Every structure is written in structure tokens, then in C-alpha cells.
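# need coordinates for the following:
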Amino acid sequence: MFITKDINAATIAYFKKSVLRKLLMSFSFEPQSKNEIITDLFKSINHYGFDLPNEHELDLFGMLWQFKNNLEENELTALYFWGLNQKYMYYFENFLGESDSYPEKKFDKEFGRSLAYKVYNPNASGLEEDTIEELKVLLCNFASEFDLSVIDEFTSEEIVEVIDIYCSSSNNFVPVL
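I've put the predicted structure just below:
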């Protein structure tokens, strides 16, 4: 598998436009509420931030695993590409530390193979768990964007506006941490 910058950029743009939007909307609003009723999970994460009590952390991971398991194949592939982008430097540094013996040309090829293995075997390679953990970080950061001490008629609109910013294809800063 040979992935160019253009293919990666298109896949990440699709992730933001489709998968990320779906995730943020389902995390933020109750189903069939017409984006008006904020979920209890969103409120809890907004309140606790990264210091989630075990119960809320389990709820968050349960929601993320359920979300992942309900994705279509193309959405799942985009999700794993996003996860790979999030953890790229971590994977690079680990590979670099484990492979001192590769000549420069062979290093690039072998590193590329290791990344392809992660995408094709996300469970066995650890990419699946890494991606779920990165989604947790993303949702905690997203929830922290809001002051939910007072929820009024404008709160839902504000959440949708921030979702639009996160999902903007030109936005390379907010969702890619």
C-alpha cells in the first residue's frame, strides 16, 4: 500500500466531514432530539474534564466502542487513518528506536510497511485501542470548549457551531491534536 499526501489528506477530510461530525453529534445530543437535548455523558465530561470518575470513563469508552462498531467499512478506514495520523510521531519514534540497523532507503520502506500493517490489522497492531484513546482525548477537549453552567436556548446552537469548526476540512488544528 502506497499512500501519498493527497490520499491521506482526502481520507482525513472525509473523516472530518463524515465520521467526526457523526461522532460529535451523537456525543453531544440525544437521538431524535433535533439537536436540542444535550447528552448526560457530554455534561459529565464537560464537568469532570480528564479527571473522569470510573463510571463516566466506562460510559465514554462504551459509547466510543459502540460508535466504532457501527461504522461502515469506509468510515472505519477513515477513522483508522485519523488514528494513525494522531499517533504518527509516537509510532515513528518507536520504530526508530527498534530499527537502528536499517539503511535510510530501507528504513522508509519498512516504516511504511509497519504503518500499513496497523491500518490492515488495527486490532492486532494496537491501532484500534490507540484510536479509541485518541477519540477519548478529542471528546474531552471538545467538551471542555463549553461553559455548561447555564444551558439556554443558545447552547445547542453554540455546540453545532463548534462542531462545524471541528469538522471543517480547512481546520487542521482542532481535531488533529
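
# helices of the chain, residue ranges please.
Ranges of helices in the chain, per DSSP state H, are 5-14, 21-28, 40-48, 54-69, 73-86, 88-98, 104-120, 122-125, 127-143, 155-166.

# what's the closest of the ones you listed to residue 34?
helix 155-166 (9.0 Å; CB to CB). In short, each C-beta sits where N, CA and C put it, glycine included.

# just how off-centre is that closest one within its chain?
Centre-to-centre, helix 155-166 and its host chain are 17 Å apart (CA atoms, centre = their mean, to the nearest Å).

# now render the helices of the chain as CSV, adding mean neighbour count and distance to residue 149.
Rendered in CSV, the data for these read as follows (neighbours: other CB atoms under 10 Å; distance: least, CB to CB, whole Å):
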stretch, mean neighbour count, distance to residue 149
helix 5-14, 14, 34
helix 21-28, 20, 17
helix 40-48, 17, 9
helix 54-69, 14, 18
helix 73-86, 20, 30
helix 88-98, 12, 36
helix 104-120, 13, 41
helix 122-125, 14, 39
helix 127-143, 19, 13
helix 155-166, 16, 10
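
# which helices and strands does the lowest-mean-pLDDT helix or strand in the chain pack with?
The least trusted helix or strand in the chain, going by mean pLDDT, DSSP states H and E, turns out to be helix 104-120, with a mean of 87. If you count contacts as 3 or more CB pairs under 8 Å, 6 or more residues apart in numbering; DSSP states H and E, helix 104-120 packs onto helix 73-86, helix 88-98.

# mean pLDDT and distance to residue 161 added to the ones you listed, as TSV?
TSV is the format used below for those (pLDDT from 0 to 100; distance: least, CB to CB, whole Å):
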stretch	mean pLDDT	distance to residue 161
helix 73-86	96	22
helix 88-98	89	29
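
# and the ones you listed: which comes nearest residue 120?
Closest approach to residue 120 among these (CB to CB): helix 73-86, 9.2 Å.

# next up, the contacts around the most centrally placed residue in the chain.
Closest residue to the average C-alpha location of the chain: residue 135 at 3.7 Å, with CA atoms, centre = their mean. Contacts of residue 135 were listed using CB atoms under 8 Å, 6 or more residues apart in numbering, and they are 23, 64, 83.

# what's the angle between the least confident helix or strand of the chain and helix 127-143?
Put simply, helix 104-120 runs at 80 degrees to helix 127-143, going by axes from the mean of the first three to the mean of the last three CA atoms, to 10 degrees.

# with just CA atoms, put helix 104-120 into PDB.
Extracted C-alpha coordinates of helix 104-120, given in PDB (Å, rounded to 0.1, in the frame of the first residue of the first chain):
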ATOM      1  CA  GLU A 104      18.000   5.000   5.100                       C
ATOM      2  CA  LYS A 105      16.200   3.700   1.900                       C
ATOM      3  CA  LYS A 106      15.200   0.500   3.600                       C
ATOM      4  CA  PHE A 107      14.100   2.300   6.700                       C
ATOM      5  CA  ASP A 108      11.400   4.300   4.900                       C
ATOM      6  CA  LYS A 109      10.100   1.200   3.200                       C
ATOM      7  CA  GLU A 110      10.000  -0.800   6.400                       C
ATOM      8  CA  PHE A 111       8.400   2.000   8.400                       C
ATOM      9  CA  GLY A 112       5.700   2.400   5.700                       C
ATOM     10  CA  ARG A 113       5.100  -1.400   5.900                       C
ATOM     11  CA  SER A 114       4.700  -1.100   9.700                       C
ATOM     12  CA  LEU A 115       2.100   1.700   9.200                       C
ATOM     13  CA  ALA A 116       0.200  -0.300   6.500                       C
ATOM     14  CA  TYR A 117       0.100  -3.300   8.900                       C
ATOM     15  CA  LYS A 118      -1.500  -1.100  11.500                       C
ATOM     16  CA  VAL A 119      -4.200   0.000   9.100                       C
ATOM     17  CA  TYR A 120      -4.900  -3.500   7.800                       C
END
